[in-house]
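S.K.: dropping the sequence and predicted coords here.
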Amino acid sequence: MRSGPLFTLEERTQHFVDALESHHCQAAFFCIGCDCVREGSKTLKLLQSKGHFLANHSFSHQHASTLSCFEFRNELLKTEKVLQPYSSSRKWFRYPFLDYGNRENSGGSHEKFVSFVKEIKTLGYQEGYVSINTFDWHIQSRLSKALSQGLDINYVSLKTVYLELVSQWCSFYIDFYEKHSKQEIPHTLLLHANDLNALFLGDILKMITTNGWKIISPEKAFFDTSWRESKSRRYPGSPPSLSIQEIDRYLKDYKVFKR
């Protein structure tokens, strides 16, 4: 929840609520507590007034694998306190970086992962899972860098590339879960609250409905996440069908950024 190179925090949030309203869509905004404390109260009030949900994304957005169980618990509780005044807040928690505490190269373990899952349940939280992951953060970083370098940006081409990638990611994960979970599940699409999505959220929602996918409320999606406790929980951490290098080739081929 910070201002970006194209929009202020307030402008960007207004773009989000306008796009969501035009498609009669509710969203869950997973909030980083320290950002909310610094500059987010006006934004949170606007999101609540428009019927959207506020949820917990930790206080300082650290990798769970680097935290002790005490530190992990404190991350949740500090943000819970920040969101407590808002009636639209829900006890849904999303792990920063989708790091569940089991990344051994940064201090994680299976035992730590299990302890965090228990901690979430003890505190009364439901997992705010992601089933459709994206690399929107990378495209945003490329956009930010291009703006800082004074490059010409072809926003029509950027829109074309981004919508194509989001469509590919949606199709890939929907197909993946149909094959591995052996049941129909409610999907959640991970999008970051950045300038890229402020530009194109309305187009993404239109693409979703045009493709015949039905948009449901976050309350329905997060009502029962027991399916994730089965073997189907072993899903890729990021879309394996496309690497960052391949995304960059898309941007280059479509001449999105030019000197």
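M.R.: Sure thing, it's come through.

S.K.: contacts and neighbour counts: CA atoms only from here.
M.R.: Noted.

S.K.: and residue 214, how close does it get to residue 187?
M.R.: To residue 187, residue 214 is 10 Å away according to CA to CA, to the nearest Å.

S.K.: the two: which is more packed in?
M.R.: residue 187 (20 against 10; other CA atoms under 10 Å).

S.K.: and the longest helix along the chain, which residues are buried?
M.R.: The longest helix of the chain (DSSP state H) is helix 155-180. Buried positions in helix 155-180, judged by neighbour count with 16 or more other CA atoms under 10 Å: 157-159, 161-163, 165-166, 168-170, 172-174, 176-177.

S.K.: so how far is that helix off the chain centroid?
M.R.: 15 Å (CA atoms, centre = their mean, to the nearest Å).

S.K.: quick one: average pLDDT of that helix?
M.R.: Averaged across helix 155-180, the pLDDT comes to 93.

S.K.: mind giving me the packing neighbours of that helix?
M.R.: Helices and strands touching helix 155-180, by 3 or more CA pairs under 8 Å, 6 or more residues apart in numbering; DSSP states H and E, are helix 195-210, helix 244-253.

S.K.: distance to residue 125, mean pLDDT and mean neighbour count added to those helices, as a markdown table?
M.R.: A markdown table is the format used below for these (distance: least, CA to CA, whole Å; pLDDT from 0 to 100; neighbours: other CA atoms under 10 Å):
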| stretch | distance to residue 125 | mean pLDDT | mean neighbour count |
| --- | --- | --- | --- |
| helix 195-210 | 27 | 98 | 18 |
| helix 244-253 | 33 | 94 | 14 |
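
S.K.: okay, those in JSON lines with distance to residue 123 next?
M.R.: Formatted as JSON lines, the helices and strands packed on helix 155-180 follow (distance: least, CA to CA, whole Å):
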{"stretch": "helix 195-210", "distance to residue 123": "32"}
{"stretch": "helix 244-253", "distance to residue 123": "37"}
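
S.K.: residue 15 is nearest to which of those?
M.R.: Closest to residue 15 of the helices and strands packed on helix 155-180 is helix 195-210 (CA to CA; 5.4 Å).

S.K.: keeping just the C-alphas, turn the helix or strand just after the closest one into PDB.
M.R.: Moving toward the C-terminus from helix 195-210, the next helix or strand (DSSP states H and E) is helix 218-221. The C-alpha trace of helix 218-221 is given here as PDB (Å, rounded to 0.1, in the frame of the first residue of the first chain):
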ATOM      1  CA  PRO A 218     -13.900 -14.100  -1.300                       C
ATOM      2  CA  GLU A 219     -16.200 -15.300   1.500                       C
ATOM      3  CA  LYS A 220     -17.300 -18.200  -0.700                       C
ATOM      4  CA  ALA A 221     -13.700 -19.000  -1.800                       C
END
